[in-house]
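Trainee: Here is my input; please provide its structure:
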Amino acid sequence: MILKRARGRTAINLERVFGMFPKLRERRRQLAGTLSGSEQQMPAIGRALTADPAMMMLDEPFLGLAPLIVDAMFDIVRELNRQGMSILLVEQNIVRSLVPCGWCCALEIT
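Mentor: You can find the predicted model right below:
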């Protein structure tokens, strides 16, 4: 019974992921390793979201991504935070990272 409920929640969360990443729905039968570099971030974040976490830690998730993809991913991170999820974001682009955060800790390497 517990497993059945867990599968039901996972299915609901998977629909949520497909809503955030429509391209994943189109490519749901494709192996993640065959996606482009920027597209591989979608299933990585989506896999974490299926567990319905209260907090997500992202370590430079936008590194090497095309600017348009970065914009879309930042929008998703902002939306997750707006919905109440805590986000720990490690990012080199500090100016951009300040937009969605409640507080920030910046490290200066000298």
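Trainee: going forward, measure contacts between C-alpha atoms and count neighbours the same way
Mentor: OK.
Trainee: neighbours around Glu39, how many?
Mentor: Applying other CA atoms under 10 Å, we find 17 residues neighbouring Glu39.
Trainee: I'd like to know how far it sits from Met73.
Mentor: Using CA to CA, to the nearest Å, we find Glu39 at a distance of 11 Å from Met73.
Trainee: sec struct for Ile87, please.
Mentor: Here Ile87 is strand, with the state taken from DSSP: H, G, I helix; E, B strand; the rest coil.
Trainee: Ramachandran angles for the residue nearest to it when sequence neighbours are not counted?
Mentor: Residue nearest to Ile87 in three dimensions, not counting chain neighbours: Met56, with 5.0 Å by CA to CA, 6 or more residues apart in numbering. Main-chain torsions, Met56, degrees, to the nearest 10: phi -130, psi 130.
Trainee: cool, and Met85?
Mentor: Met85 adopts backbone torsions of phi -80, psi 130, taken as degrees, to the nearest 10.
Trainee: Tell me which helix or strand comes right after the worst-scoring helix or strand of the chain on mean pLDDT.
Mentor: Lowest by mean pLDDT, DSSP states H and E among the helices and strands of the chain is helix 2-20, with a mean of 66. Next along the chain after helix 2-20, taking DSSP states H and E as the criterion, comes helix 22-26.
Trainee: which of the residues in that next one are buried?
Mentor: Neighbour-count burial for helix 22-26, counted by 16 or more other CA atoms under 10 Å, picks out Leu24.
Trainee: so where does the residue nearest the centre of the chain fall, helix or strand?
Mentor: Centroid-nearest residue in the chain: Ile45, 3.7 Å away (criterion: CA atoms, centre = their mean). Assessed by DSSP H and E, Ile45 sits inside helix 41-49.
Trainee: Thanks again, I'm all set now.
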